[in-house]
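*Asks:* can't give you the sequence, but here's the structure:
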């Protein structure tokens, strides 16, 4: 009778998940950097001094991904404690901007809390539905929000692209190990 030796797994490599360990592991995954912008009507009624003027929000996201080709759907996540969440919770339309390697400043501004991000980053224009559109990006998708799915301390937003804009070829801005970098030239598949 032959005995086959099985490779032993190193149990020390598998540890219970805690917040810090989970975050450290996720930092190892390189992700594209996007800025999501949205607009929604203010909720203050006119009798309380509100005029229902649109309010804007924008934030840097590294959770953008395609969901489906038929129908076309994309997704991104946003923390429910984020200053942008009140607008995103009501927005009917959003724009997702894929940042180019030279747009670290846009990523930084839209990741900064406590500032007027649109005043700090003036390279945008109002697009359809009043959604802010950043200029100089690799690509942009104007989307209709179709689902908001609660997921822990975040909400997964699923959106249907209605229109897209191609800013041209170039290296993307990438987030890895807590900082911004760019992708190396592609290797043919």
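*Replies:* Cool, the structure landed. Please read these numbers as outputs of a predicted model, since none were measured by experiment.
*Asks:* can we go C-alpha only for contacts and neighbour counts from here?
*Replies:* Will do.
*Asks:* what comes up buried for the helix or strand where residue 150 lies?
*Replies:* Following DSSP states H and E, one finds residue 150 within strand 139-151. Applying a neighbour-count criterion of 16 or more other C-alpha atoms under 10 Å, the buried positions in strand 139-151 are 139, 140, 141, 142, 143, 144, 145.
*Asks:* check contacts around the most centrally placed residue in the chain.
*Replies:* Centroid-nearest residue in the chain: residue 61, 2.6 Å away (criterion: C-alpha atoms, centre = their mean). Applying C-alpha atoms under 8 Å, 6 or more residues apart in numbering, we find residue 61 in contact with 33, 34, 35, 36, 76, 77, 78.
*Asks:* check residue 58 too.
*Replies:* 35, 36, 37, 38, 84, 110, 117, 118 are the contacts of residue 58 under C-alpha under 8 Å, 6+ apart.
*Asks:* low-scoring stretches of this structure, by residue?
*Replies:* Within the chain, the ranges that satisfy pLDDT under 70 run 1-12, 26, 28, 43-52, 184-187, 189.
*Asks:* what helix or strand is the residue nearest to residue 72 when sequence neighbours are not counted on?
*Replies:* Ranked by C-alpha to C-alpha, 6 or more residues apart in numbering and with sequence neighbours excluded, the top spatial neighbour of residue 72 is residue 160, at 6.0 Å. For residue 160, the element it lies in under DSSP H and E is strand 154-166.
*Asks:* so what strands line up beside the following helix or strand past that strand?
*Replies:* Note on strand 154-166: by DSSP H and E, the next helix or strand toward the C-terminus is strand 173-176. Sheet pairing for strand 173-176, assigned by DSSP bridges, gives strand 31-32 (antiparallel), strand 179-182 (antiparallel).
*Asks:* out of those, flag the one nearest residue 100.
*Replies:* Nearest to residue 100, of all the strands paired with strand 173-176, is strand 179-182, at 8.5 Å by C-alpha to C-alpha.
*Asks:* quick one: contacts of that closest one?
*Replies:* The contact list for strand 179-182, computed with C-alpha under 8 Å, 6+ apart, reads 101, 104, 171, 172, 173, 174, 175.
*Asks:* of those residues, closest to residue 29?
*Replies:* residue 175 (8.3 Å).
*Asks:* on that earlier part again, and the contacts of the strand holding residue 150?
*Replies:* Contacts of strand 139-151 (C-alpha under 8 Å, 6+ apart): 89, 91-99, 155-168.
*Asks:* again with stretch 22-29
*Replies:* 176, 177, 178.
*Asks:* picking that back up, just name the closest of the contacts of strand 179-182 to residue 18, please.
*Replies:* Of these, the one sitting nearest to residue 18 (C-alpha to C-alpha) turns out to be residue 175, at 22.2 Å.
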